[in-house]
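Colleague: any chance you can model this:
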Amino acid sequence: MRVWVIPAILAVAGASLAISAAYGQDTPATTQELLRRIEQLEQKIQSLEQAKQPTVDEKGRQAEAIEQVEQKIKILERKRELEDEAAQAKAKEAPIVRAGKDGFGLRSADGNFDLRLRGYVQADARFYQGGETDPAPDTFLMRRIRPIIEGSVFKQFGFRIMPDFGGGTATIQDAYVDGNFSPAFKVRAGKFKPPVGLERLQSGSELLFVERAFPTNLVPNRDVGLQLSGDVFDGAVNYAAGIFNGVIDGGSGDNDANSDKDYAVRVFAEPLKDKEDSTLRGLGIGLAYSTGDQSGSAATSNLPRFLTPGQQSFFSYVATTAATATTPSVPGAFADGSRERIAPQFYFHKGPFGLLGEYVRSNQEVSRAGVRRDVKNTAWQLATSLVLTGEDASIRGINPRKPFQWGQGSWGAFEIAARVSRLEVDDDVFAGSATTRLANPRSSAREATDYGIGLNWYFNRFSKLVVNYDQTEFKDGAASGDRDTEKVLFTRFQVGY
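Modeller: Numbers count the residues shown, from 1 in each chain. Sure thing, here's the model as predicted:
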């Protein structure tokens, strides 16, 4: 403040002296008075400046207060850092809950532990048409009720448990553990589908028709064993090879009745899957083979029976009959030696068009009354489909572009399908006398041919309505000749998650 005040005072004083001189006043007296006044003004200025500056004590208190505030700020900042670190650590450890197209599940934040809950339910109806007598009553039924529990531990080790409560009974369909060491090398142990039949390897929720075709009668359903598998050549080739207890054609098992084992191997290739401009990009072709021994006895045959699409038995081997008061016991046929299956297979998908085909030959040594025969049964199918709404056809089902929404003009996807399938029993089965032949042509058909058409309505990826009509014609199988043609209308409403 003094920097500009003092010059101003001096300027005023100078002006006063000049005025006094002009009017003839006493200069010395006036100068002293002005100097005295200047001194007084300076003292007032100093007092004002001192009044505005804090004392030493005040400065100390101010500095202490500032230091306390700064310390509190540092404490709060550190507390916030610790809270952020704790929140980040908690987030890393907190499990991730999810619900979506892969089902419901829990997963650890680091991805090492994963649990998935999935499943599907199928509500079916079967209406048998025509014929003098229906082979079975028309019925509604719960075909499959399958909750699925899957998970992984440290990413590489997984498991799957799938019971089935369909038909009012409880059974374990799948129960296995996996070691997923690399895409090219995986190990599976437990109960699962052996790598043989193409349609059998499809999930029951992704079938083109309500029931599988005749080749499935000749391949194993589920067995207990150990399998190595993987994808090689950038996923263009899949291989699987395993050792299993061994089950009858079309059968499932939880243990082995003898020490012999079955060996199965399958190679399936999609050689052009990465060639987007290739017409044959959607072609998959493969070959499966299994071999082993199946042993039975007259009391326990260990032989299969064959079913129609309507799930009615149309062929079975002669069974042992117990003795009565008037007739002796008659021994039946039983498995007695090597069994071999070979199954070439393919599918092709191009846009909305789909085609699937497979052939199976099953050789089984069978004995009755001391006579052994090498029975060769064969089956094949060819099925085609067209997605009317334009979505891509797939062996894994259809994913509608516009899922069904009531009242929103979105109807999902529609697919039509047709197939023909045949199973032929070896003629040697019916050769010989009544006491040595392996099957009776008056009760078991030697040939069955199925023609089927279907309409599938996919509401979304997980729900669909299926309507099929199947007509199966037989050769032999009745006392007076050919078994009556089986005509069945199927419906299925399926929901999965």
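
Colleague: how about the backbone phi and psi for the spatially most central residue of the chain?
Modeller: With distances taken as CA atoms, centre = their mean, the residue of the chain nearest its centroid is Asp102 (6.0 Å). When read as degrees, to the nearest 10, the backbone of Asp102 gives phi -100, psi 10.

Colleague: cool, and Leu218?
Modeller: When read as degrees, to the nearest 10, the backbone of Leu218 gives phi -110, psi 0.

Colleague: just give the nearest non-adjacent residue to the residue nearest to the centre of the chain, would you?
Modeller: Arg116 (6.5 Å; CB to CB, 6 or more residues apart in numbering). Quick note: C-beta positions are derived from backbone N, CA and C, even for glycine.

Colleague: which neighbours does the helix or strand the one you found falls within have in its sheet, and in what orientation?
Modeller: Assigned by DSSP states H and E, Arg116 belongs to strand 113-129. Next to strand 113-129 in the sheet, as set by DSSP bridges, lie strand 103-107 (antiparallel), strand 139-153 (antiparallel), strand 486-496 (antiparallel).

Colleague: what does the last one rub up against?
Modeller: What that stands for is strand 486-496. Here strand 486-496 makes contact (CB atoms under 8 Å, 6 or more residues apart in numbering) with 118-131, 135, 143, 205, 209-211, 308-310, 312, 462-472, 474.

Colleague: all helices of the protein, in order?
Modeller: With helices called from DSSP state H, the chain shows them at 2-23, 27-52, 56-93, 198-201.

Colleague: out of these, point me to the one whose mean pLDDT is lowest.
Modeller: The minimum mean pLDDT among the helices of the chain belongs to helix 2-23 (a mean of 50).

Colleague: circling back to that earlier point, what about the residue nearest to Asp102, distance to Arg160?
Modeller: 9 Å (CB to CB, to the nearest Å).

Colleague: kindly report the same for Thr389.
Modeller: Thr389 sits 33 Å away from Arg160, going by CB to CB.

Colleague: comparing these two, which residue is more hemmed in?
Modeller: Shown here are Thr389 and Arg160; by other CB atoms under 10 Å, Arg160 has more neighbours (20 against 16).

Colleague: so who does that one touch?
Modeller: Arg160 makes contacts with Ile148, Ile149, Glu150, Asp174, Ala175, Tyr176, Asp178, Phe192, as judged by CB under 8 Å, 6+ apart.

Colleague: quick one: neighbours of the closest residue to it other than its chain neighbours, just the number.
Modeller: Distance criterion CB to CB, 6+ apart; nearest residue to Arg160, sequence neighbours excluded, is Glu150 at 4.8 Å. Glu150 has 19 neighbours, counted by other CB under 10 Å.

Colleague: isn't Glu150 right next to Asp174, touching?
Modeller: No - applying CB atoms under 8 Å, one finds Glu150 not in contact with Asp174, separated by 9.6 Å.

Colleague: shared neighbours of those two, anything?
Modeller: Common neighbours of Glu150 and Asp174, using CB under 8 Å, 6+ apart, are Arg160, Ile161.

Colleague: okay, domains of this protein per the record?
Modeller: Domain segmentation of the chain under automatic domain parsing yields 2-53, 119-496.

Colleague: ranking those domains by burial, who's on top?
Modeller: Mean neighbour count (mean count of other CB atoms under 10 Å) peaks for domain 119-496 among those, with a mean of 18.

Colleague: from the chain's centre, how far out does that domain sit?
Modeller: Relative to the centre of its chain, domain 119-496 is centred 20 Å away, using CA atoms, centre = their mean, to the nearest Å.

Colleague: show me what contacts Arg222?
Modeller: Neighbour list for Arg222: Gln173, Asp174, Lys191, Phe192, Lys193, Pro194, Val247, Ser252, Gly253 [criterion: CB under 8 Å, 6+ apart].
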